[in-house]
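J.: heads up, no residue letters with this:
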């Protein structure tokens, strides 16, 4: 079974554009789960331009499925996740000023740093996932960090899919097989949508979770949140 974790950052973006508490991100988390989402993802950034650190604290008590927190492992971020104890932490290499995640980890360069961070999280009973590209050497070094999972960065797949789906998916199939050889569990995310998700799911073995935010929340403007979540679940059934 592949799980759908809904990233609700864009709900917070809309709220922050106006101020106040509409739309309410806590209520959005409740509704997403009620409508069938298998998990909730948030990605608090240092400038708190969408999800705020306090949002993470407020959301945690209403999570009845799985809570995934993404982010760069600064000390402030680590303090937050050790406080709220999500089920999974997805470590991303974002610099402080990126609009959205745009690359995977250079694990070869940051292996020791990641080993230390992952060790601390795992000691506290938190599953870890590394945001990573399809390069086999990077995947091999990811396994050496002690991470439970990797999350394949799928923007390159999404951008190439309209032109040549088979060519777009090929490196991801090879990466998934490599991960399996190394005993790594597999997630995926970034720019997956209703057009490209089913094909990705059909070709990637042992895909445990997809994390989707921007496209899903955008589709919800047209279809409504409940119907949109059902549409995405159909793609990975």
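T.: All right, it came through fine. The shown structure was predicted, so the numbers you read here are calculated from the model rather than taken from an experiment.

J.: from memory residue 208 sits against residue 3, does it?
T.: Yes: under the criterion of C-beta atoms under 8 Å, residue 208 makes contact with residue 3 at 6.5 Å. The way it works is simple: take the backbone N, C-alpha and C, and place the C-beta from them, glycine included.

J.: Same drill for those two, tell me which one is more crowded.
T.: Set residue 208 next to residue 3 and count neighbours by other C-beta atoms under 10 Å: residue 3 wins out with 18 against 14.

J.: Just say helix, strand or coil for the most centrally placed residue in the chain.
T.: With distances taken as C-alpha atoms, centre = their mean, residue 211 lies nearest the centre of the chain, 4.2 Å away. What DSSP: H, G, I helix; E, B strand; the rest coil gives for residue 211 is strand.

J.: From residue 73, how far off is it?
T.: Distance of residue 211 to residue 73, computed by C-beta to C-beta, to the nearest Å: 17 Å.

J.: all helices for the protein, in order.
T.: With DSSP state H as the criterion, the chain has helices at 9-18, 25-34, 53-59, 75-84, 107-123, 136-145, 155-160, 165-181, 197-203, 214-223, 225-235.

J.: and the ones you listed as TSV, adding mean neighbour count, mean pLDDT and distance to residue 94?
T.: Formatted as TSV, those follow (neighbours: other C-beta atoms under 10 Å; pLDDT from 0 to 100; distance: least, C-beta to C-beta, whole Å):
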stretch	mean neighbour count	mean pLDDT	distance to residue 94
helix 9-18	18	96	13
helix 25-34	20	98	20
helix 53-59	17	97	16
helix 75-84	15	97	10
helix 107-123	16	96	13
helix 136-145	18	96	17
helix 155-160	18	97	13
helix 165-181	17	98	21
helix 197-203	18	98	23
helix 214-223	17	97	15
helix 225-235	18	98	24
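
J.: Out of those, which gets nearest to residue 69?
T.: Relative to residue 69, the nearest member of those by C-beta to C-beta is helix 75-84, separated by 5.4 Å.

J.: Now do the closest one against helix 107-123, angle only.
T.: 30 degrees (axes from the mean of the first three to the mean of the last three C-alpha atoms, to 10 degrees).

J.: so residue 172 touches residue 204, yeah?
T.: Yes: with contact defined as C-beta under 8 Å, residue 172 reaches residue 204; the gap is 5.9 Å.

J.: Mutual contacts of the two, please.
T.: Common contact partners of residue 172 and residue 204 (C-beta atoms under 8 Å, 6 or more residues apart in numbering): residue 188.

J.: Distance to residue 45 added to the helices of the chain, as CSV?
T.: What follows is the helices of the chain, written out as CSV (distance: least, C-beta to C-beta, whole Å):
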stretch, distance to residue 45
helix 9-18, 9
helix 25-34, 15
helix 53-59, 10
helix 75-84, 9
helix 107-123, 17
helix 136-145, 23
helix 155-160, 18
helix 165-181, 26
helix 197-203, 25
helix 214-223, 14
helix 225-235, 23
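
J.: Nearest to residue 44, out of these?
T.: helix 53-59 (5.5 Å).

J.: chain center to the closest one, what's the gap?
T.: 17 Å (C-alpha atoms, centre = their mean, to the nearest Å).

J.: Repeat that for stretch 74-90.
T.: For stretch 74-90 - counting by C-alpha atoms, centre = their mean - the centre lies 14 Å from the chain centre.

J.: Show the contacting residues for the nearest residue to residue 217 once chain neighbours are set aside.
T.: Among residues not flanking residue 217 along the chain, residue 10 sits closest, at 4.0 Å (C-beta to C-beta, 6 or more residues apart in numbering). By C-beta under 8 Å, 6+ apart, the residues touching residue 10 are 50, 213-214, 217-218.
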